[in-house]
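1. Structure, please.
(chains A and B, ligands or ions: 1)
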Amino acid sequence: MIRINCPYCGERDHSEFSYGGDASIKYPSLEASAKEWTEAIFFRKNIRGFQLETWHHSNGCRMWLEVERSTLTHEIKSVRPCHPDLQKVVENNK
Amino acid sequence: MKSKRLNNLGKIDRDKTLNFTWDNKKLSGFEGDSLASALLANNIGIVGRSFKYHRPRGIFSSGVEESGALVTIGSKDRRDPNVRATTQELFDGLKASGQNAFPNVNFDLGGINNYIGRFFAAGFYYKTFMGIPPFEWGKGTTIWMLFEKLIRKAAGMGSASRLPDPDSYEHAHDFCDVIVVGSGPSGVAAAIEAAEKKLDVILVEQDSLVGGNQLSENDFSTSKIFNQLKSLGIKVMTRTTAFGLYDNCVVGLLERVTDHLSIPDSTLPRQRFWTIRAKHIIVGSGALERHIAFNNNDIPGVMTANASKHYLNRYGVLTGEDIVIATNNDSVYETASELSEAGANVTVLDSRTNIEIDSNKNFEIRKGFVPYNINGTKKIDSLDISKSENINKVDTISCDQVLLSGGWSPAVHLLSHRGVKPKWDPQNACFIPSDTKENITMIGSSRGLWNKDDCIASGVAGATDALNRLGVSKTNYFFPKPGGWKNPIKPLYEVKYKKSRSKSFVDYQHDVTADDVRLAHREGFISVEHLKRYTTLGMANDQGKMGNIIGLSLMADLLNKEIPEVGTTVFRPPYTPVPIGALTGRNVGKHFRPLRVTPMHQWNIDHGAKMIEVGLYQRPWYYPKQNETLSDSYIREATVVRKTVGICDVTSLGKIAVQGPDATEFLNRIYSNAFAKLQVGKARYGIMLRDDGIVMDDGTSWRLSENEYFMTTSTAAAAKVMAWLEELLQTRWTNLKVNVTSVSEQWAGAAVAGPKSREVLNECVEDPSLITNENFPFMGVISTFLKGNIPCRIARISFSGELAFEVYIKSDFANTMMDLLWENAKKFNGCLYGLESLGALRVEKGHVTGAELDGRVTIDDAGLGKMASIKKSYIGSAMRKRGVLSADNRETLVGFFPTDLKETFNAGTIVCEKNNIKGQGIGRITSVTHSPELGHWIGIGFVEGGLDKWKDITLIGADPVRNKQMNLKVVSPHMVDPTGERMYA
Ligand SMILES: [Zn+2]
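-> Next up is the predicted model:
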């Protein structure tokens, strides 16, 4: 099974997490057009290999994480908080 | 076949007799027997009937690859079908029976199938029943559905008990540095090496004894090895199968705890399902001996050569008197020598000519010969043999047993679970494991090593590999090369029968013959994956452990290709079957899923509530008086609420504290209606949309102070909304200073609804002046105290359409609150009401819930479009009007009356136009109730074009599931008090 090394809690089984989605998507502003929103929410790359994705530690610390995972092997290259300020905090505490 | 127990040899305890029954016949065996060895000791040759042709079948092997001796163990609620007799340990009182036969395996009426076999060739079912001409598409499917039950019964396996499983099963977890699968020479060497280097080691063995294939050696001592392993602190798990490898070095194990006991310890689970998280996995899962395809190669008495050795030296059973061993490799000669020493008359047919064999020559070797055809039906009478070159019958040997060795296949299954394709080794005529980047090392004969010394060396190398990868050591190591026989193997997969209608079995259990493979080829099913599905080759319980390579070689031959070019099928977990009970573990009955109760759960029950499950929650459904039925009760409750007052537990609603300087801005972005100007001390009903413009959930948010809100969500969407808010704050709007906290468990809530609700609250609060209509208007919020100075929050909000309040209190005070509210409601002839009457009241008002907001509905569809702000942007605002979502004929919310007011209808009814009753119609009824206020049944739901289009037109409600149809009148969804006078009173 997939094991994710949560920066807050340590390595845990994937059953503690909920899959979010594509972490590389930059959501447009709320004022943006339907066309821009359509691009952001309906068009997805079907990546073979490493992709950035969000996972929610829903049965843990409740933090949203950015996970670099291979869709072929489930290998996980990196895990970090989604929130940029928290990313810095975690970096500095390493 | 004439098999018998010897007075010497074997690792059985001849002083301990075990009685058992086979097809109701009383037999006995010894402690240490398998069911198969005990049957052989009693000279029982026929133990099953084959899948399609109902041919008599015997015991082919001595292990997990068994594809003939599948039997049913136990009776009544402990009846276990399709058990391999070869791996079932014998115990006193064991009841076993043959299966797939009527009346029994010796005389089976289904045997007629053997003579009408051409109807059962590969693809027969598909061609006949699945819509290929002469049956065109559609018709064939119908016929298939008619015949399926009959066919499945005839071509069946054993049948499972229909009774509830009386046993318990456990899920367990463990961690270790290294897990070693298999206790053969290589596995033991690896475990010892790793343990001596201070690693934490688990050794797993599917058998009851450690030793692997050494158990088929006469002088092997299993206890000596076991004690050595234990003394090193290794956790040895016998009767435990590593059935699958998963990501991140996770191994799934099935431990059979009590399957070998006469009287299981009632404190123990029958089986344990283990999840082991290791740092490194070493697999020494051995190799499986293959048979050879030739005519009638399935007659009882045919067995793999190594199995016979196993029966001899482990169980003291000699499996035949006149034995012919057919081989293409060196592995059988020790067996031949031992069998003849034990008293059998042995002849070896070796397909090779240019070979050197060291043997004491107490048996005959016929070089350059292969088996051609077995004569006999229920037992072997003789074997026709042929020269390896120029296949044709040249001689007949009278015999009662034919042992086969067509080569060995390393058990690469576990590595295959990780997506690692094995590679073909032409020298050894087998697939051997490829390398992997993962922390998995293959050792021993599962690596293609045939010598014990090589196996031991590979075990040490495997452990060193693990130590290096774990950073414990940096030692060079090497693995011996695959192989190890003196004379090279010569591939031999099929000896082709000259006459037509041959039965050369490739896959015994599914009755797949060499002709079936050729038929599949003729009809174009040449890819391995197609071949497998068309012929069902390798899809039986044994998953092709014995027959797959033979099938591949036949196809390779037909395509003029090499075996690796044809490919190999991917092995998937489990290696051997895992019972559903073990997968389920303790999650049965009321433990099937977690149960959530509100803090006033017991209070509700004490006050007569009948409960209903809503998601994981138990909620009061209705509170019947005396002999009231559900409908008596909810109609009374709803009537009382409209007339005086009712109290309802609403704790299961999701509750979220939204706090921080940007809380208002946050809510303004997530709700479709305006929140920016909501005053402190006010609540607002809000609708959240998804990014794509569809409604996600609705609820209320109460502004408690400048920077603090109390949000409620629907019961069903509570977890989803919480995760959504966290996602937005942590991933999209990371500069907003807002914190969200789930406080669902911290607050208990009750609705107080009805014209007398204010008067009830007057009696319950410390300061009644706070709740006058002037001080506490509709959608007002106050934080105050219930009598006894208990802090509470109250909002004047209404789901029922009556004057109503929601009171929230710290969960610990839930019972106090309910006592207080109920004492005072009684004074006004009030009632307790449950979910059913809550539903009735909201349907009368046309209020939507999850039944309506089902993930397909826009805010306009739900008739709430006017609430959406046009002055601001919010989640979903860009998308909610896109193309299809603003089409004229969208299904929009309406109310429904039966035209004949005495009619009833059900939720799920399909709304159709007259004379066009079909398909999905033009709408649907989502919620129905009897309306106490109106005195007849009403419903809400959706219809294309909405109320304006159908106002005065009779529609049809079709309910094909319940075989019901009625005329419908479309009305406004706001069926009671449409102007809301009562709410504002
Ligand atoms: Zn965490």
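2. got the contact list for the residue nearest to A:Ser58 when sequence neighbours are not counted?
-> Closest residue to A:Ser58 apart from its sequence neighbours, by CB to CB, 6 or more residues apart in numbering or on different chains: A:Ser18 at 4.5 Å. Where C-beta positions appear, they are placed from N, C-alpha and C, glycine not excepted. A:Ser18 is in contact with A:55-56, A:58, B:723, counting by CB atoms under 8 Å, 6 or more residues apart in numbering or on different chains.
3. out of those residues, who has the most neighbours?
-> A:Trp55 (25 neighbours; other CB atoms under 10 Å in any protein chain shown).
4. now for the helix or strand hosting it, which elements pack on it?
-> Using DSSP states H and E, A:Trp55 maps to strand A:50-56. Judged by 3 or more CB pairs under 8 Å, 6 or more residues apart in numbering or on different chains; DSSP states H and E, strand A:50-56 is in contact with strand A:18-22, strand A:64-70, helix B:718-727.
5. Chain A: strands as residue ranges?
-> Using DSSP state E, the strands of chain A run over A:3-6, A:10-13, A:18-22, A:50-56, A:64-70, A:76-81.
6. Could you tell me the average pLDDT over the first one, please?
-> If I follow you right, that is strand A:3-6. The average pLDDT within strand A:3-6 is 94.
7. May I ask you to name the longest helix in chain B?
-> helix B:452-469 (DSSP state H).
8. Remind me what it packs against, helices and strands.
-> Using 3+ CB pairs under 8 Å, 6+ apart: helix B:452-469 touches strand B:169-181, helix B:185-196, strand B:271-283, strand B:440-442.
9. for those, which one ends up most surrounded?
-> strand B:440-442 (a mean of 28; mean count of other CB atoms under 10 Å in any protein chain shown).
10. Packing partners of that one?
-> strand B:271-283, helix B:413-416, helix B:452-469.
11. The helix or strand following the last one packs against which elements?
-> Using DSSP H and E, the helix or strand that follows helix B:452-469 in sequence is strand B:505-507. The criterion is 3+ CB pairs under 8 Å, 6+ apart, and the helices and strands that strand B:505-507 contacts are strand B:512-513, helix B:514-522, helix B:548-559.
12. hmm, who's touching the shortest one?
-> Looking back up the chat, that one is strand B:512-513. B:122, B:293, B:502-506, B:535-537, B:547, B:551.
13. In contact with residue 40, which residues?
-> Let's take chain A. A:25-28, B:691.
14. hmm, I had chain B in mind actually
-> So B:Leu40 contacts B:3, B:59, B:311, B:315, B:317, B:319 (CB under 8 Å, 6+ apart).
15. any idea how far the closest residue to B:Gly941 other than its chain neighbours lies from B:Phe942?
-> Nearest non-adjacent residue to B:Gly941, counting by CB to CB, 6+ apart: B:Ile925, 3.9 Å away. According to CB to CB, to the nearest Å, B:Ile925 and B:Phe942 sit 8 Å apart.
16. Pop out the phi and psi values for B:Ile782.
-> phi -130, psi 150 (degrees, to the nearest 10).
17. Report whether the expected contact of it with B:Ala683 is present.
-> No - using CB atoms under 8 Å, B:Ile782 makes no contact with B:Ala683, being 10.4 Å away.
18. which bits of chain A sit near chain B?
-> By CB under 8 Å from any CB of the partner chain, the residues of chain A that approach chain B are A:1-3, A:18, A:20, A:23, A:27-34, A:36-38, A:40-42, A:54, A:56, A:58, A:62-64, A:73-74, A:81-86.
19. Give the buried subset of those as a ChimeraX selection command.
-> ChimeraX command restricting the residues of chain A next to chain B to the buried ones, with burial defined by 16 or more other CB atoms under 10 Å in any protein chain shown:
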select /A:2,3,18,20,23,27,28,30,34,37,38,40,41,54,56,58,62,63,64,81,82,83,86
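20. Which residue, other than its chain neighbours, is closest to the closest residue to chain B within chain A?
-> Closest to chain B within chain A is A:Leu30: 3.7 Å, counting by CB to the nearest CB. Using CB to CB, 6+ apart and skipping residues adjacent in sequence, the residue nearest A:Leu30 is B:Ser873, 3.7 Å away.
21. Just the buried residues of stretch B:473-482, please?
-> Buried-residue list, stretch B:473-482, by 16+ other CB under 10 Å: B:479-480, B:482.
22. what pairs with the residue positioned nearest the centre of chain A across the strands?
-> With distances taken as CA atoms, centre = their mean, A:Thr54 lies nearest the centre of chain A, 1.8 Å away. Residues in a beta bridge with A:Thr54, per DSSP bridges, are A:Glu66.
23. where's B:Phe592 relative to chain A, distance?
-> Taking CB to the nearest CB, to the nearest Å as the measure, B:Phe592 falls 17 Å from chain A.
24. Next, count neighbours for that residue.
-> 10.
25. same question, B:Glu334
-> Per other CB under 10 Å, the neighbour tally for B:Glu334 reads 15.
26. Which pLDDT value goes with residue 87?
-> In the absence of a named chain, chain A is used. 93.
27. please go with chain B instead
-> 96.
28. That one reaches B:Glu66, doesn't it?
-> Yes - B:Thr87 is within contact range of B:Glu66, at 7.2 Å (criterion: CB under 8 Å).
29. who has more neighbours, those two?
-> A direct count of neighbours by other CB under 10 Å for B:Thr87 and B:Glu66 places B:Glu66 higher, at 28 against 24.
30. what about the more buried one, is that helix, strand or coil?
-> coil (DSSP: H, G, I helix; E, B strand; the rest coil).
31. quick one, phi/psi of it?
-> phi -50, psi 130.
32. Same question for B:Thr21.
-> phi -120, psi 140.
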